[in-house]
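Engineer: Can you look at this prediction? I've put the sequence above it.
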Amino acid sequence: MAAAGGTAAVVTLDRGGSGTAAGSTLPPATAQVERSTLVDAETVDGTLGYGTGTAVTPRLRGTVTWLPAAGSTVRRGGRLYGVDDTPVVLLRGTLPLYRPLAPGVEGADVRQFEQNLAALGYDGFTVDEEYTGSTADAVRRWQEDLGIAETGAVEVGRVVYAAGDVRVQEVRGQVGDPAGGQAVLSYTGTTRVVTVELDVDQQRLAGKGAAVGVELPDGRTVKGTVAAVETVIDLGGGSGQEQEPETRLEVTVSLADQKDLGTLDQAAVDVSFTAQKREDVLSVPVAALLALAEGGYGVQVVEGTSTRIVPVETGMFSGGRVEVTGDGLSEGTTVGVAS
């Protein structure tokens, strides 16, 4: 029988009644009960970069006339790419521009656009969920500054919303391509993060908000925090043979201080996760556990030439040891270990 959380075999003993069983058979080996800190931790491979990219496909019809350079930064109000010699503008928000905005339109998308318009310095309107004539007047001033037709309305495809400033990850299109139908670029955030792939059975390691350590290529360790955990299901390739879907976890780790990273843009790193930590507890080797006939576990306490079985409650398993509590157990107590 194997002890939960360990690989050592345990011996099944019947200790009879409810008290401890005594005997004179000495175990093949012994160990001491230790008081220490047990840590459930693992170190896994990670990648330092700017995170997963988001593809951008034009919704304006026409011809792609300008594209940014890979690695460049685009801020709110800036040109992300160009169609028919007019800019497609980056704004901040989570709701895509799914319909034209013009006087009479109401909704959360109007508020989001007006918040951006105000942040860019345009005024004379109220930031709310109503697109009014005053909003249209401000939009005309914005359009004049962009060098496009001053219609007072915003067509679908004129703006792209992102959570913040973006870094151009990859330029996929070329100037002269037809706009629409395929992505012209992908972007990420401007803050460096670490991405890690974990197996599903490692989920305990990656609780959102958990502190981690990230070892950089130069050997320095910087502090990080689990910012997001996503479940990814890989349906497999199209090789003609049916494949079982593979489920994994994609973990994003934010870093406490970007300055600690120096000029590193992308690098392989080691990420240390700590799932659990138990301080100042008694522990024994997993191989010291005995499975009791009536259920549960015990340890064989060795006292000179005699032994007795003491039932124990097990706690955390770590590094071949297991946390135990039981009557009469203390630091330095000698226990039997299976060979």
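Structural biologist: Received, thanks. Numbering: from 1, shown residues only.
Engineer: List the pairing partners of the lengthiest strand in the chain within its sheet, with orientation.
Structural biologist: Longest strand in the chain by number of residues, with DSSP state E as the criterion: strand 267-285. Applying DSSP bridges to the sheet, strand 267-285 is found paired with strand 34-49 (antiparallel), strand 211-215 (antiparallel), strand 321-325 (antiparallel).
Engineer: Just checking the distance from the longest one to the centre of its chain.
Structural biologist: In this case it means strand 34-49. From the chain centre to the centre of strand 34-49 is a distance of 16 Å (C-alpha atoms, centre = their mean, to the nearest Å).
Engineer: What of stretch 327-339?
Structural biologist: That offset, for stretch 327-339, works out to 41 Å (C-alpha atoms, centre = their mean).
Engineer: Packing partners of the helix or strand following the longest strand of the chain?
Structural biologist: Using DSSP states H and E, the helix or strand that follows strand 267-285 in sequence is strand 290-292. On a contact count with 3 or more C-beta pairs under 8 Å, 6 or more residues apart in numbering; DSSP states H and E, strand 290-292 meets strand 11-13, strand 297-303, strand 306-318. To be clear about C-beta, it is placed using only N, CA and C from the backbone, and glycine gets the same treatment.
Engineer: Out of the ones you listed, which is the most enclosed?
Structural biologist: Highest mean neighbour count among the helices and strands packed on strand 290-292 (mean count of other C-beta atoms under 10 Å): strand 297-303, with a mean of 20.
Engineer: Excluding its own residues, what touches that strand? List them.
Structural biologist: 3, 10, 13, 15, 20, 26-27, 30, 284, 288-292, 307-312, 314, 324, 326, 328-329, 333-336 (C-beta atoms under 8 Å, 6 or more residues apart in numbering).
Engineer: could you give the mean pLDDT of that strand?
Structural biologist: Taken as a whole, strand 297-303 has an average pLDDT of 96.
Engineer: any idea whether the nearest residue in space to residue 146 that is not next to it in sequence is helix, strand or coil?
Structural biologist: Nearest non-adjacent residue to residue 146, counting by C-beta to C-beta, 6 or more residues apart in numbering: residue 87, 5.7 Å away. Put simply, residue 87 is strand when judged by DSSP: H, G, I helix; E, B strand; the rest coil.
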